[in-house]
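S.K.: Predicted model and sequence below, questions to follow.
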Amino acid sequence: MHIGILQTGHAPDALRPTLGDYSDLFERLLGGHGFTFTTWNVVDMEFPDGPDAAEGWLITGSRHGAYEDHPFIPPLEELIRAIYDAGTPLVGICFGHQVIAQALGGKVEKFGGGWVVGRQTYNWSGDEIALNAWHQDQVVSLPDEARVLASNGGCANAAIAYGNKAYTVQAHPEFRDDFIEGLIEHRSDAVPPDLVDKARQNLGRDNANAVLADRIAAFLKTREVA
């Protein structure tokens, strides 16, 4: 199955030589599921011809805000709606989670409670799931077809399903602890020191990255939502 990765930002320069760019993280996360990948750097205005250019789509994270004035966001939202209308399976992570909601009629804004960084636990349909996160923005108003799958005290809309068309997650199942450690070193200047310290202390604890990889892969292949 051919998956199109829509890359909406780039990993910090200092991390890319050893850990890769965001698209590389997703290829590693979903490795072993029989996918092939093509990446379009939409953040650099590189877009596919349309929703039929891949059999499934994944939108990455970004340091940008979905509500900010960047030239790539309006055409990305148009592409999201075209993919959605075509019924091609669509996955969004962090910024991807947010911009899909925004494109379909929801609202994204900075969370009043501030930053969410490092290992977080979520109530996911009654189960406790731990994932790494790194964000300040959140989906605060849901589109009509959205159904919340996961939440916690710091993020009410942490995972969303849109029927069997789209599956989105605020946290980062593609971020291993080495990437979180790199973000602490190279992209945490705006994060309160106590949150940085807590994220550092949680390095090495278990997480559900593999669980989410299986769920994302299952959704792309079968449209099953879990």
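M.R.: Perfect, thanks for sending it.
S.K.: Going by C-alpha atoms from here, please, whenever you check contacts or count neighbours.
M.R.: Will do.
S.K.: does the residue nearest to L195 when sequence neighbours are not counted sit in a helix, a strand or a coil?
M.R.: Leaving aside its chain neighbours, L195 sits nearest to V117 (6.8 Å; criterion: Cα to Cα, 6 or more residues apart in numbering). State at V117, reduced to three classes by DSSP: H, G, I helix; E, B strand; the rest coil: strand.
S.K.: From what I see, V117 and L131 are in contact.
M.R.: No: counting by Cα atoms under 8 Å, L131 is not a contact partner of V117; they are 10.2 Å apart.
S.K.: wait, what's in contact with the residue nearest to the spatial centre of the chain?
M.R.: Taking Cα atoms, centre = their mean, the centroid of the chain lies closest to I93, which sits 1.0 Å from it. Counting by Cα atoms under 8 Å, 6 or more residues apart in numbering, I93 touches 58-61, 168-172.
S.K.: what are the ranges of the strands in this structure?
M.R.: In the chain, the segments counted as strands under DSSP state E are 2-6, 36-40, 56-59, 90-93, 107-110, 116-124, 127-135, 137-141, 146-152, 155-162, 166-169.
S.K.: so which of the ones you listed gets nearest Q201?
M.R.: Q201 lies closest to strand 116-124 among the strands of the chain, at 9.2 Å (Cα to Cα).
S.K.: Who are the packing partners of that closest one?
M.R.: If you count contacts as 3 or more Cα pairs under 8 Å, 6 or more residues apart in numbering; DSSP states H and E, strand 116-124 packs onto strand 127-135, strand 146-152, helix 193-201.
S.K.: Name every strand pairing with the first one and say which way it goes.
M.R.: If I follow you right, that is strand 127-135. Take DSSP bridges as the rule and strand 127-135 pairs in its sheet with strand 116-124 (antiparallel).
S.K.: likewise the shortest one?
M.R.: Sheet pairing here is set by DSSP bridges, and for strand 146-152 it gives strand 116-124 (antiparallel), strand 155-162 (antiparallel).
S.K.: JSON lines for these, including distance to R16 and mean neighbour count?
M.R.: Listed next are the strands paired with strand 146-152 as JSON lines, based on distance: least, Cα to Cα, whole Å; neighbours: other Cα atoms under 10 Å:
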{"stretch": "strand 116-124", "distance to R16": "19", "mean neighbour count": "21"}
{"stretch": "strand 155-162", "distance to R16": "27", "mean neighbour count": "21"}
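S.K.: Figure out which of the ones you listed is closest to L25.
M.R.: strand 116-124 (16.7 Å).
S.K.: what angle do that closest one and helix 193-201 make?
M.R.: 70 degrees (axes from the mean of the first three to the mean of the last three Cα atoms, to 10 degrees).
S.K.: can you tell me the average pLDDT over strand 116-124?
M.R.: For strand 116-124, mean pLDDT is 96.
S.K.: Please enumerate residues in contact with it?
M.R.: So strand 116-124 is contacted by 128-136, 149-152, 154, 158, 180, 195-196, 198-200, 202-203, 207 (Cα under 8 Å, 6+ apart).
S.K.: List buried residues within these.
M.R.: 129-136, 149-151, 154, 158, 180, 196, 199-200, 203, 207 (16 or more other Cα atoms under 10 Å).
S.K.: List the beta-bridge partners for K107.
M.R.: S141.
S.K.: Correct me if wrong: it contacts L142.
M.R.: Yes: K107 lies in contact with L142 (Cα under 8 Å); the separation is 6.8 Å.
S.K.: what's the overlap in contacts for these two?
M.R.: A101.
S.K.: Redo the strands of the chain as TSV? Include distance to R215.
M.R.: Converted to TSV, those look like this (distance: least, Cα to Cα, whole Å):
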stretch	distance to R215
strand 2-6	15
strand 36-40	17
strand 56-59	13
strand 90-93	11
strand 107-110	25
strand 116-124	12
strand 127-135	13
strand 137-141	21
strand 146-152	12
strand 155-162	12
strand 166-169	10
